[in-house]
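>>> The following block contains a protein sequence and its predicted model.
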Amino acid sequence: MKLHHLKPAPGAHRKRTRKGRGEAAGKGKTAGRGTKGTGARGTMRVGFEGGQTPLQQRLPKLPGFTPPNRVEYATVNVGRLDAAFDEGAEVTPSALRDAGLIRRGAAPVKILGDGQLSTSLVISAHAFSASAERKITDAGGRADVISNGSPASGSS
C-alpha cells in the first residue's frame with residue numbers, strides 16, 4: 001500500500017449542504033430559515049431594535065458636566081499625618097511623597113480633617129479643609145498655605 005492509495009473510511013466525509021439551490025436539492029425555497037420574519041430575510045445592523053428607539057439613542061449624549069478650571073487635589077487626612085511624622089516635623093508635599101502618602105508628581109496637595117492629630121506639626125500644603133486647619137492648630141501646629149498661582153488655591 002502506498003500513500004496515494006489511502007482514502008477515508010466510507011461515511012467519514014459528508015458532502016456539505018448547498019442551501020437555496022432548488023426544491024429537488026432538499027433545501028430549496030426557504031433554505032432552512034422557516035417562513036417570513038426577520039430571520040428569513042437577512043441581517044440587521046447592530047443595535048437595531050425592531051423600530052423601537054435604540055438604547056444608544058435613549059441614553060444622554062454626555063454624562064454630567066466637568067468644570068474646565070476645576071483643580072484636582074492629592075488628598076491626605078490628618079490621621080495619616082499623625083502616624084507618619086514625629087513631633088515638630090516639617091511636612092511639605094515632597095515630605096508627603098517621600099513618606100508614600102501621595103503619588104509622585106501629584107500636585108497640588110490638600111489636607112483633610114479625617115482622623116485625630118496628637119502631635120504638633122508644621123504643615124505646608126496648597127489647601128486645607130476647615131476641620132483639618134482646626135485640628136492642626138488645636139494640636140499646637142501650624143498650617144501654611146502654599147500659593148501655586150491657581151485661582152482655587154487657599155482654604156476651601
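Perfect, I can see it now.
>>> Helix or strand: which one has Ala83?
helix 78-84 (DSSP states H and E).
>>> what about that helix, average pLDDT?
Helix 78-84 shows a mean pLDDT of 90.
>>> do stretch 113-132 as well
pLDDT averaged over stretch 113-132 gives 93.
>>> hmm, back to that, following the helix holding Ala83, which helix or strand comes up?
From helix 78-84, the next helix or strand downstream (DSSP H and E) is strand 90-91.
>>> For the helix or strand following that next one, list every residue counted as buried.
Going down the chain from strand 90-91, the next helix or strand is helix 93-98, by DSSP H and E. Using 16 or more other C-beta atoms under 10 Å as the test for burial, helix 93-98 gives Pro93, Ala95, Leu96, Arg97. C-betas here are computed from N, CA, C, even on glycine.
>>> got it, and stretch 101-114?
Counting neighbours by 16+ other C-beta under 10 Å, stretch 101-114 gives Leu101, Ile102, Pro108, Val109, Lys110, Ile111, Leu112, Gly113 as buried.
>>> Arg18: which of those residues is nearest?
Ile102 (68.6 Å; C-beta to C-beta).
>>> For the closest one, which non-adjacent residue is spatially closest?
Counting by C-beta to C-beta, 6 or more residues apart in numbering, Ile102 lies nearest to Ala74, which is 4.3 Å off, once chain neighbours are set aside.
>>> before we move on, the earlier item: from the chain's centroid, how far away is the helix holding Ala83?
29 Å (C-alpha atoms, centre = their mean, to the nearest Å).
>>> Show me where this protein dips below the pLDDT cut-off.
106, 148-156 (pLDDT under 70).
>>> make it 80
The model of the chain has pLDDT under 80 over residues 105-107, 148-156.
>>> Now do the strands in it.
74-77, 90-91, 109-112, 122-125, 127-128, 142-145 (DSSP state E).
>>> Can I get the ones you listed in CSV including distance to Thr17?
Below are the strands of the chain laid out as CSV (distance: least, C-beta to C-beta, whole Å):
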stretch, distance to Thr17
strand 74-77, 65
strand 90-91, 78
strand 109-112, 70
strand 122-125, 75
strand 127-128, 73
strand 142-145, 79
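>>> Pick the most buried one from those.
strand 127-128 (a mean of 24; mean count of other C-beta atoms under 10 Å).
>>> Against which helices or strands is the longest helix seen in the chain packed?
Ranked by residue count and defined by DSSP state H, the top helix of the chain is helix 130-138. Packing contacts for helix 130-138, counted by 3 or more C-beta pairs under 8 Å, 6 or more residues apart in numbering; DSSP states H and E, involve helix 78-84, strand 109-112, strand 142-145.
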